[in-house]
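> Sequence first, then the predicted structure, then my questions.
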Amino acid sequence: MENELEVNIPLDVAPSARETYVDNYRTLTSDVGRVMLMAGDQKVEHLNDDFVGPDISPEDGDPEHLFQVAAKARIGAFATHLGLIARYGADYPSLPYLVKLNGKTNLMKTDQRDPVSRQWHTLEQLARFRDESGLKIVGVGFTIYPGSQFEHEMLIEATRLIFEAHQMGLVTILWAYPRGKAVTNELDPHLIAGVTGLAGSLGTDFVKVNYPHAQDGKPAERFKEAVLAAGRTKVICAGGKGTKAKKFLARLHDQIHISGAIGNATGRNIHQLPLDEAVRFCNAIYAVSVENRSVDEALAIYQKK
Amino acid sequence: MENELEVNIPLDVAPSARETYVDNYRTLTSDVGRVMLMAGDQKVEHLNDDFVGPDISPEDGDPEHLFQVAAKARIGAFATHLGLIARYGADYPSLPYLVKLNGKTNLMKTDQRDPVSRQWHTLEQLARFRDESGLKIVGVGFTIYPGSQFEHEMLIEATRLIFEAHQMGLVTILWAYPRGKAVTNELDPHLIAGVTGLAGSLGTDFVKVNYPHAQDGKPAERFKEAVLAAGRTKVICAGGKGTKAKKFLARLHDQIHISGAIGNATGRNIHQLPLDEAVRFCNAIYAVSVENRSVDEALAIYQKK
Amino acid sequence: MENELEVNIPLDVAPSARETYVDNYRTLTSDVGRVMLMAGDQKVEHLNDDFVGPDISPEDGDPEHLFQVAAKARIGAFATHLGLIARYGADYPSLPYLVKLNGKTNLMKTDQRDPVSRQWHTLEQLARFRDESGLKIVGVGFTIYPGSQFEHEMLIEATRLIFEAHQMGLVTILWAYPRGKAVTNELDPHLIAGVTGLAGSLGTDFVKVNYPHAQDGKPAERFKEAVLAAGRTKVICAGGKGTKAKKFLARLHDQIHISGAIGNATGRNIHQLPLDEAVRFCNAIYAVSVENRSVDEALAIYQKK
Amino acid sequence: MENELEVNIPLDVAPSARETYVDNYRTLTSDVGRVMLMAGDQKVEHLNDDFVGPDISPEDGDPEHLFQVAAKARIGAFATHLGLIARYGADYPSLPYLVKLNGKTNLMKTDQRDPVSRQWHTLEQLARFRDESGLKIVGVGFTIYPGSQFEHEMLIEATRLIFEAHQMGLVTILWAYPRGKAVTNELDPHLIAGVTGLAGSLGTDFVKVNYPHAQDGKPAERFKEAVLAAGRTKVICAGGKGTKAKKFLARLHDQIHISGAIGNATGRNIHQLPLDEAVRFCNAIYAVSVENRSVDEALAIYQKK
Amino acid sequence: MENELEVNIPLDVAPSARETYVDNYRTLTSDVGRVMLMAGDQKVEHLNDDFVGPDISPEDGDPEHLFQVAAKARIGAFATHLGLIARYGADYPSLPYLVKLNGKTNLMKTDQRDPVSRQWHTLEQLARFRDESGLKIVGVGFTIYPGSQFEHEMLIEATRLIFEAHQMGLVTILWAYPRGKAVTNELDPHLIAGVTGLAGSLGTDFVKVNYPHAQDGKPAERFKEAVLAAGRTKVICAGGKGTKAKKFLARLHDQIHISGAIGNATGRNIHQLPLDEAVRFCNAIYAVSVENRSVDEALAIYQKK
């Protein structure tokens, strides 16, 4: 479609893994440097709340639905935990996977205890898994909660796993949410810019943050600060909670074309739909994120017009 | 009895251990994919409360009673701690064992401190034990308490040990009980579905949960959500506390034939009976769980009619 | 004296260490399966409180007194910390030692903080020590406090060290005392039975507990529950605090001949006496514990009649 | 400019790394033993607060600005986190880097919880990075907070990483700020002298502290205590928060020529300026710190006269 | 001066390191079995409080003063942290060093939080340092605070490092101070005897304690309990805070000739003096501690009569 993407390889990628890294980067960014990540870690993060309910397709109650959507839709990678990948991967062997390396449930609330999410599998285990399974593992994901009383524990693990992931040619995405008793406004644009800058210092390739809330009503403008602060670390925006399709796509278009975000990570807005509709909505998101299509063009994809 | 069971091998089983895994899976599931697990970890979890009392056979005061029942009854595996297996295994060499890898006593109550149960033996120790003892170790068990303030510690250990157990061909069962100050209703069907979905993300083959309490009086219907949410991870139901035989078997029948559970894990309801009666009750449970027998047929086995 | 003792070797003893284990077991149990353990860990547990005082022989102020008594008396093994053994062992080379692997002082009271006692030397260090010193190390001891908020930390260490001790042919004794804010009656017979059952699940060869307090005035009867619950793990009773000789020996006789305990662990009741008297009292205890002698016969030994 | 600098090599530098250490020391100290360190760790420590604001050049919003200034200005080394170095290092290959090995955000305030900052990358990872990247890594930096309830955790990591850094020929700088509920006056000259003495005991080559507050209005005099207490560990002074150029340079001149500090570490006072001005101000600081130039001479450099 | 000292080698010294141990023991005990330890860990423990003040020589503000005194005076060893030794050791190559392996500052008070002091360098690092530096490292020191809520952490580290130090032929000294909210009278003679007995159980060669406070005004008599309780572990007395020379020497003489202490560890009483006077006072202490000289003879050495 275009000339081959130039990939800026960070220096902590081992020389012998540089080719692997470039391959993984190109896969994740659909060869154009843009990211459409299908996020499927909610079975840990939100338990079954995102999968069963009045506005949720019954198909979504079965975790395989995630794989079915991911396999049929246009995406850069499907992000989920190793346990699910190990169980379904053999039936979805051509999917590019991004292994989410930590997680926590939503049972303990922030006002009860500051959030903490610690590393599950070691990178050495992941290396074995990649080798033995033959799956296309393009990268790893990890969540940090800056401002939490456990911040230091997560920063240690984040820096070390980003380093080791790079060493073995994997691309990295940090999910970064400022949270805890010390954080008064999680969606403050300046705070989110602080967090993307932090993510850059941790060495990650991509950082996924929540879209800021702007008091002046111009979040896309205010979000520029975060994109700039991240530097060569690229910013991905969370899909967020149930928004109408047009509004969702328009917001995404702003994030990319006004703010300079590199793409999006969307989960429940996709998988809560029935398979066919989910695939179409995913492709619409892909069209905006990766293909520079307009909101109307994307909407037409979704509406199969 | 039937055609050979097709086993879905997760991709974190090392290629060299796939045959072992299939053997273990078939043994645990009695070659038909259904589980009758005799649970014998109560000497840790409940100290001597389950073994001595007015309605408990005096035979149950001696831990060997557990082995005697397990050896004579029809079961998929006997789950207990390594310490007991090491002590009695030589006299019960043909029993299939599932090694429970953690445990806590019931002395500290949940309202005093959130529950925490940490890994005892390492998988490397278990591998040595399996090799040196020559026992039939089919798998490992581990308890997690989602929602506890120590949730993260248990999730780390659960994911890593499931991975390493699979690597060496062992089958895994998670005991998963939402518990702690942040959990208001441990038996909420939707919460239990969240927990089975979590277990699937952790990569376990089986997850044992408590049977939910249904406000509409239809627990078996409401339990379907949990079975669906678990996906390819199979759901086992706890036997629970002292229920009359017929009611027990009927409930089990519902769990399997209405809810879609793959079997059961039963402990004190079996071992609190005298040896002969315990064996018969165990076989009755096996008949329902594994052999698709009716409640009346199973009851006849128990009553030796 | 009798036929060679049949030793039930647990399966976590490495095949190459089975002979060593049998030797150690026979030594500790005086070739008849009964235990007279001289307990000498009080310099850690009670600081100098047990060694200086109005009813204590001045000789006991010097730690070598412990070794002198142990060397002259009839015992299965002398249990103390590695530090003392390293310092005095060369002068008492024929003593069988049981290395106590943890300890805590009595400064912090239970109502200030739940008790915690963590592993000191690693088993790898102990192996080096055994090899290099040439001493007769027959086993290891470790204290756990079930019910403490640190229970999980001690259970992890206990299970792993029992396994590794067995692997290298060492016999294991757990000191098990339910204690902490969650424990209301440490001497409840049913609770103590819970603890001996727990110890069995942890895989130890022996468990030392406090003698229960019986509301019906029949502790020896009530203690049977604990002996039964322990199964093949054998129960040793603590000597307790300063009791007159006859009463002490009678109680011990009951523990063994009524309750079924396998022996005793006695410390301050022995070493607080002058050397000669201490040796005679130790031999009296040995006579009851190991040689099936009557209380009167034992008393005669003590009184050198 | 002068004869080759004699470097006092600490004895924990491995013999095979002595030449590397001398090279690194000379580079960091501009061959004259004086330090102009450009500090660029604020994207972690202060999030985006130092990079966007009314008196801050818009150029500073992009982390590459830091590298651009560092590359054009005269400095001993540029101190920042490995993540950023990995991302930009290939484009700034001739810069000498000092890798900051820990960091924390400013979200949690000292009155909420004592500060803790733990080690990110291991020295083994750093060694791989140095080898594979070919970058000029001259040393490592680490922050400690003496007086914090987590002091012991940071002292352990500091001592071990200083040792290992020296082993591989790297120079070390401690950032040392007394802080926490137990610290009433962070800028007390005597306390700061205590901290520089502590740093010497930890074995670091350099210690960066805040300039003390002197009640007698003579901080440069009072700061002598800290320089003396540090002994052969050399003292670097923090640049501090936004001070006018002349005052800044005069203070620095005092620190060096009155107090005996070996140089300075300056961050936001430099990088908040536009590139050209930042370079000139940096060179002015260099002139005072390294070249023994007067305040007026340095000011002329800044003002390009 | 006398026949060669017989050294009682503990059995945890590796056979290949026995000669090294004997050499180190003889060096530390000046070939006569008595200890004059110059303690120089106060730059960590007391920050700069011991080094600057109205009654302190200005020379003491520079840490090299410690080395100058140690090098010129008669001592068994100079105890300080590895960081300082690494920096000054090349200029004081013939000094025997005892490496203090932990430390904490005095900022956090006991009533704010119980004291904790954790191990800095590993023994493996120390072994490399000894080999590479060629310095005469005779042993290691470590501080424990029995009774602290962190007691267990310090006991673990103490036992393991004593073992490993002995393995490599190093002599060990424990600094042992009962302290924390659970300790009401740190100077109680019976408590201090408990602590020296504990130290013996931990396996150390020497234990340094504070001189007890005796209600009957006879501390030297009351201190005998501690010397006896320590057994073959030898007791060293802390020098304590600023006492007049004669009183200091008389007290030391009592400690040795009445109580049976093996020597002393003195720090600030020596190094707060100007170099020449410090050396003379140190030699006076040496005369009492090591050479069995009278108080008057020692005083004459100090007063250069």
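Good, I have the coordinates. These figures come from a predicted structure and were not determined experimentally. Numbering: from 1, shown residues only, chains lettered A, B, ... in the order given.
> Low-confidence regions, chain A specifically.
Within chain A, the ranges that satisfy pLDDT under 70 run A:1-3, A:239-243.
> Quick test: name the residue nearest the centre of it.
Centre of chain A computed as the mean C-alpha position; nearest residue by C-alpha atoms, centre = their mean is A:A265, 4.1 Å away.
> Confirm it sits in a strand?
Yes - counting by DSSP: H, G, I helix; E, B strand; the rest coil, A:A265 is found in a strand.
> partners of the biggest strand by length in chain A in the sheet?
The longest strand of chain A (DSSP state E) is strand A:136-144. Looking at strand A:136-144 with DSSP bridges, its partner strands are strand A:96-100 (parallel), strand A:171-176 (parallel).
> looking at those, which is buried most?
strand A:171-176 (a mean of 28; mean count of other C-beta atoms under 10 Å in any protein chain shown). Where C-beta positions appear, they are placed from N, C-alpha and C, glycine not excepted.
> right, and the helix or strand after that strand?
Moving toward the C-terminus from strand A:171-176, the next helix or strand (DSSP states H and E) is helix A:189-202.
> and the direction of that following helix versus that of strand A:136-144, what angle?
Going by axes from the mean of the first three to the mean of the last three C-alpha atoms, to 10 degrees, helix A:189-202 is angled at 130 degrees with respect to strand A:136-144.
> From the contact counts, what lies against helix A:189-202?
helix A:151-167, strand A:171-176, strand A:206-209, helix A:224-230, helix D:42-45, strand D:77-81, helix D:82-88 (3 or more C-beta pairs under 8 Å, 6 or more residues apart in numbering or on different chains; DSSP states H and E).
> Centre of the chain to the third one, how far?
By that I understand strand A:206-209. In terms of C-alpha atoms, centre = their mean, to the nearest Å, the centre of strand A:206-209 is found 7 Å from the chain centre.
> ok, the following helix or strand past that strand near chain D or not?
Helices and strands here follow DSSP H and E; after strand A:206-209, the next one along the chain is helix A:219-222. No - judged by C-beta under 8 Å from any C-beta of the partner chain, helix A:219-222 and chain D are separated, with a smallest distance of 11.2 Å.
> Summarise which helices and strands helix A:219-222 is packed against.
helix A:245-254.
> same thing but 10 Å
helix A:189-202, helix A:245-254 (3 or more C-beta pairs under 10 Å, 6 or more residues apart in numbering or on different chains; DSSP states H and E).
> Quick one, which of the ones you listed gets closest to C:T27.
For C:T27, the closest of those is helix A:189-202, at 57.4 Å, according to C-beta to C-beta.
> still on that earlier bit, just say which of the helices and strands packed on helix A:219-222 is most tucked in.
helix A:189-202 (a mean of 28).
> And the residue of the stretch 151-300 of chain A closest to chain E?
A:H152 (16.7 Å; C-beta to the nearest C-beta).
> I figured that residue hits D:L107, correct?
No - using C-beta atoms under 10 Å, A:H152 makes no contact with D:L107, being 11.8 Å away.
> before we move on, back to that, out of the strands paired with strand A:136-144, nearest to B:A86?
Taking C-beta to C-beta, strand A:96-100 is the member of these nearest to B:A86, at 36.0 Å.
> State the next helix or strand along the chain beyond that closest one.
Using DSSP H and E, the helix or strand that follows strand A:96-100 in sequence is helix A:123-133.
> does chain D sit close to that following helix?
No - for a cut-off given as C-beta under 10 Å from any C-beta of the partner chain, helix A:123-133 has no contacts with chain D; the smallest distance is 11.3 Å.
> by contact count, what packs against that helix?
helix A:82-88, strand A:96-100, strand A:136-144, helix A:151-167, helix B:151-167.
> Out of these, which gets nearest to E:D12?
Short answer: helix B:151-167, nearest of the helices and strands packed on helix A:123-133 by C-beta to C-beta, at 33.3 Å.
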